[in-house]
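Colleague: let me see the structure of the following:
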Amino acid sequence: MRSVLLAIGAATVLAGCATPQEKAARLQADMEQMMQVYGPACTRLGYAINTDQWRDCVLQLSAKDDYDRFGPSYYAGYGRHRWAMGGYWGPYW
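Modeller: Numbering: from 1, shown residues only. Predicted coordinates for the structure are as follows:
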């Protein structure tokens, strides 16, 4: 029983590991999805497709959507807010 649990645990850990190529493919798929969702809005705003300004618009709209949907703790991280408000020492140190 113990060896079976160890084998299952090892398989789970190894399945969670991703190679750099797998991570790159996942990020590429995420970016393609963002371009499909937010690209048309950026085009309607007057940005030419596949320019740096258009890509920046896509990223900004995605970040705004994440911020609106999940709030500041998701987008900026809890620790960042703690330090932005003065950290553990207060606003003056």
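Colleague: which helix or strand contains residue 22?
Modeller: helix 20-44 (DSSP states H and E).
Colleague: same deal with residue 48?
Modeller: Using DSSP H and E, residue 48 falls outside every helix and strand.
Colleague: check what pLDDT it gets.
Modeller: On the pLDDT scale, residue 48 is placed at 95.
Colleague: what residues does the host helix or strand of residue 55 touch?
Modeller: Element membership for residue 55, per DSSP H and E: helix 52-70. Residues external to helix 52-70 that are found in contact with it (C-beta atoms under 8 Å, 6 or more residues apart in numbering): 34-35, 37-39, 41-43, 45, 47-48, 74-75. (Glycine included, C-beta is placed from N, CA and C.)
Colleague: change it to 6 Å
Modeller: 34-35, 38-39, 42, 47, 75 (C-beta atoms under 6 Å, 6 or more residues apart in numbering).
Colleague: could you export those as TSV, including distance to residue 53?
Modeller: Formatted as TSV, the contacts of helix 52-70 follow (distance: C-beta to C-beta, whole Å):
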residue	distance to residue 53
34	15
35	14
38	13
39	12
42	8
47	5
75	22
